[in-house]
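Q: Predicted coordinates and the sequence they were generated for:
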Amino acid sequence: MTQPLPVEIRGVAKAFGTRQVLDGVDLAIGPGETVAMVGPSGGGKSTLLRCINGLTHFDAGEIQVGPHRLRGGHQPPPRETVVQIRRLFGMIFQDFQLFPHLTAAGNIMEAPVHVLGMSAAAARQRAVQLLARVGLADRADAYPRELSGGQKQRVAIARALAMEPRGLLCDEITSALDPELKHEVLAVLEELKADGLALIVVTHELGFARRSADRIVVLDGGRVIEDGPPPQVFEQPQTERARRFFQQILA
């Protein structure tokens, strides 16, 4: 696999109206790292992911993904820059965002055919291979309505992998699933980590974060209040706010 790329976030700020959602975030994520972003709801985690992916334009600061740079301000970034970043880092959402009129394989084939110019036959072959990789080899011709929530999310992961990204941005991708289905999806992420794919995961699954992440980043009030290896952050947080958060979650 091609080596993942670093992500550097410098002074990123974003407000929605009078609400400051990100307040000068600085964060560096090394090649191949798995970083779990945790913290209270409304702390800015999902917004930061959307800024990295170019889905949300931010007010100040800059984000660099490999050689590509997004700058905050009044002007949106060049579309070509956003396209290149999205090819490097795929994004997976809480609500799957599958096309209901396409089969599992059809959803995976869509971008390789229309963005990469791959033939339908080659895209179909790759879709079947990716479905096997996420444990759905027998569901290629199933429509989303015929799949469980965990299966839909695994199709969404396969769809992101179809573009051969260097990393994945995962936004609360297990929050709508029951415990057994969560396990299915998290097991796939752990396999991708073992393969060397960079993962930036917004999650409330603290067990997964402790077990699988290289670093834990805690966001609260739009700022990074903790950043370190799981044992340090979970067992010896440096801020009172983080201590209270973990006490409430782990109680």
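A: Yep, it's here.
Q: Confirm residue 63 sits in a strand?
A: Yes - under DSSP: H, G, I helix; E, B strand; the rest coil, residue 63 falls within a strand.
Q: so where is this structure shaky, pLDDT-wise?
A: Applying pLDDT under 70 to the chain flags the ranges 1-4, 251.
Q: Can you check which helix is longest in it?
A: When the chain is parsed with DSSP state H, its longest helix is helix 179-194.
Q: for that helix, the distance to its chain's centre please.
A: A distance of 13 Å separates the centroid of the chain from that of helix 179-194, by Cα atoms, centre = their mean, to the nearest Å.
Q: Can you list the strands that whatever helix or strand comes next after that helix pairs with?
A: Helices and strands here follow DSSP states H and E; after helix 179-194, the next one along the chain is strand 198-202. Strand pairing for strand 198-202, determined by DSSP bridges: strand 34-38 (parallel), strand 167-171 (parallel).
Q: Can I get the last one in PDB, CA atoms only?
A: In PDB, the C-alpha atoms belonging to strand 167-171 read as follows (Å, rounded to 0.1, in the frame of the first residue of the first chain):
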ATOM      1  CA  GLY A 167      -6.800   7.400   4.800                       C
ATOM      2  CA  LEU A 168     -10.300   7.600   6.000                       C
ATOM      3  CA  LEU A 169     -12.300  10.200   7.900                       C
ATOM      4  CA  CYS A 170     -15.000   8.400  10.000                       C
ATOM      5  CA  ASP A 171     -17.700  10.500  11.500                       C
END
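Q: quick one, helices of the stretch 101-250 of the chain?
A: Applying DSSP state H, counting those that start in this stretch to the stretch 101-250 of the chain gives helices spanning 104-114, 120-133, 149-161, 179-194, 206-212, 230-235, 240-250.
Q: Pick the most buried one from those helices.
A: Highest mean neighbour count among the helices of the stretch 101-250 of the chain (mean count of other Cβ atoms under 10 Å): helix 149-161, with a mean of 24. (Glycine included, C-beta is placed from N, CA and C.)
Q: which residues sit against that one?
A: Under the criterion Cβ atoms under 8 Å, 6 or more residues apart in numbering, residues 90-93, 96-98, 104, 107-108, 110-111, 127, 130-131, 133-136, 139, 142, 144, 147, 168, 173-174, 176-178, 180-182, 184-185, 188-189, 192 lie in contact with helix 149-161.
Q: picking up where we left off before, which elements pack onto the longest helix of the chain?
A: In terms of contacts (3 or more Cβ pairs under 8 Å, 6 or more residues apart in numbering; DSSP states H and E), helix 179-194 is packed against helix 149-161, strand 198-202, helix 206-212.
Q: what about the strands in the stretch 1-150 of the chain?
A: 7-16, 19-29, 34-38, 60-65, 68-71, 89-92 (DSSP state E, counting those that start in this stretch).
Q: how about these, which one is nearest residue 234?
A: Evaluated with Cβ to Cβ, the strands of the stretch 1-150 of the chain place strand 34-38 nearest to residue 234, the distance being 9.6 Å.
Q: what's the angle between that closest one and strand 7-16?
A: 20 degrees (axes from the mean of the first three to the mean of the last three Cα atoms, to 10 degrees).
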